[in-house]
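**Student:** Predicted model and sequence below, questions to follow.
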Amino acid sequence: MKALRSTISRNFSLRERQLSAVEALLRWSHPQRGALLPDAFIPVAEASGLIIPLGAWVLEQACRQASEWQLAGLPDLTLAVNMSLSQCRRGELVDAVERSADRCHFDLRRLELEVTEQIFLPQENTTCTEVLRRLRRLGVTVSIDDFGTGYSSFSRLRDLPIDKLKIDRSFVAGLGCDREAELIVRAMIVLGHSLGLQVVAEGVENKSQLDFLEAEDCDGVQGLHLAPPMPASEFPRLLTLQHTTAWTGRARRTL
C-alpha cells in the first residue's frame, strides 16, 4: 500500500452555511505515470479481488485520520468513504467497519459510506440491501454516489436503506447554461426530498451553479469552486490558520 496516498474533498452544507464533511479520496503514485485517479486502478483491483483488502485498508486509514483530527481539537465532521459493490456483497463488510471503528476509537455515527448505482441492479437486491440495513443500524450514513448516471430505479430508490443522494457532476456542469440540465437537477432535488433524503451536488465549479443549487434548496455541495481536493495532512493546519469553518461566500479562499 506504500504507493497509495490519500487526499480529501470537502463538503459544505448550504443550509447551515459551513463545512459539514470530508470525503476520503485515494490516489496511486505510479513511478512513471504520476498520480493516478481511482478510475485507473479500481477496476483492476475489482477484477483481481484486491478490492477487499484495499477497501478495508482505506476505511481503517480514514477512520484513524479522523480520530487524530478529533484528538487535535478539530470540529466533529462526517467522514465519507467510497465502498465498492464487491465489498457490499460480502457480509463481513459490517464486521470490518466495526473493527476499524473499535481500533481507531471512531464514532460510527460520523461515518458515511458511498455506494454507486450498481446497487440498484436486481441481482444485488438481497445481499447488499441487508448489508446496508445492518450498517445503518450501527449509525452509519449511506449515500448513493454519482446519482443519475447508471441504474436508478424509482421503486428501488424508495425501498433501499439509504440517507443521501449525491448528484453526479455531469448534471451540475450544465447549471446556468443548459435548461435541460437545470430541469433534471431540480427534479432530483425534489425527488430526494420527497423521499426524506438529503441531496448533495458534486462538481460545483462556479458561482452560477452554486446560486442555482442554493435557490433550489439543495442540502449540500462539493467541488472546485468552494474547495479543491487537498492532502489530508494539510487539513488541520488549514483550519487552524483560518480559525473557522463558516461559510463566507468565498470559501475557496478561506477554507
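**Tutor:** Done, it's in. Residues are numbered from 1 along each chain as shown.
**Student:** CA atoms for contacts and neighbours, from now on please.
**Tutor:** Will do.
**Student:** tell me the residue furthest from the middle of the protein?
**Tutor:** Distance to the chain centre peaks in the chain at Gln32, reaching 28.9 Å (criterion: CA atoms, centre = their mean).
**Student:** Can you tell me the SS state at that one?
**Tutor:** coil (DSSP: H, G, I helix; E, B strand; the rest coil).
**Student:** List the residues that contact it.
**Tutor:** Gln32 makes contact with no residue under the criterion CA atoms under 8 Å, 6 or more residues apart in numbering.
**Student:** Need the pLDDT of it.
**Tutor:** At Gln32, the predicted lDDT confidence score is 73.
**Student:** Quick check: the gap between it and Pro43.
**Tutor:** To Pro43, Gln32 is 19 Å away according to CA to CA, to the nearest Å.
**Student:** just Arg169 next, same as before
**Tutor:** Distance from Arg169 to Pro43, by CA to CA: 21 Å.
**Student:** what do you get for Arg17?
**Tutor:** Distance, Arg17 to Pro43, by CA to CA: 36 Å.
**Student:** cool, Cys104 as well?
**Tutor:** 28 Å.
**Student:** Looking at those two, which one has more neighbours?
**Tutor:** Cys104 (18 against 13; other CA atoms under 10 Å).
**Student:** which residues does the spatially closest residue to the more buried one that is not a sequence neighbour contact?
**Tutor:** Residue nearest to Cys104 in three dimensions, not counting chain neighbours: Arg64, with 5.1 Å by CA to CA, 6 or more residues apart in numbering. Shown in contact with Arg64 (CA under 8 Å, 6+ apart): Cys104, His105, Phe106.
**Student:** So which of these belong to helices?
**Tutor:** If you go by DSSP state H, these have Cys104 in helices.
**Student:** Is it possible to get the contacts of Arg64 out as CSV so that each row also shows pLDDT?
**Tutor:** Formatted as CSV, the contacts of Arg64 follow (pLDDT from 0 to 100):
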residue, pLDDT
Cys104, 91
His105, 91
Phe106, 92
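**Student:** doesn't Cys88 make contact with Val131?
**Tutor:** Yes: counting by CA atoms under 8 Å, Cys88 is a contact partner of Val131 at 6.6 Å.
**Student:** Any idea how many residues pack against Asp211?
**Tutor:** The number of residues packed around Asp211, counting by other CA under 10 Å, is 12.
**Student:** For it, give its distance to Val185.
**Tutor:** Distance of Asp211 to Val185, computed by CA to CA: 13 Å.
**Student:** who touches the residue nearest the centre of the chain in this structure?
**Tutor:** Nearest residue to the geometric centre of the chain (CA atoms, centre = their mean): Ala80, 4.6 Å. Residues in contact with Ala80 (CA under 8 Å, 6+ apart) are Ala21, Val22, Glu23, Ala24, Leu111, Glu112, Leu113, Glu114.
**Student:** Kindly recompute the last result at 10 Å.
**Tutor:** 8-11, 21-25, 59, 62-63, 110-114, 140-143 (CA atoms under 10 Å, 6 or more residues apart in numbering).
**Student:** In helices, which of these appear?
**Tutor:** Reading helices off those with DSSP H, I get Leu59, Ala62, Cys63.
**Student:** all helices for the protein, in order.
**Tutor:** 38-48, 51-71, 85-89, 92-104, 125-137, 154-159, 169-172, 179-194, 207-215, 235-242, 251-254.
**Student:** a markdown table for those, including distance to Gln222?
**Tutor:** Shown next, in a markdown table, are the helices of the chain (distance: least, CA to CA, whole Å):
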| stretch | distance to Gln222 |
| --- | --- |
| helix 38-48 | 18 |
| helix 51-71 | 19 |
| helix 85-89 | 23 |
| helix 92-104 | 25 |
| helix 125-137 | 24 |
| helix 154-159 | 23 |
| helix 169-172 | 10 |
| helix 179-194 | 15 |
| helix 207-215 | 10 |
| helix 235-242 | 16 |
| helix 251-254 | 11 |
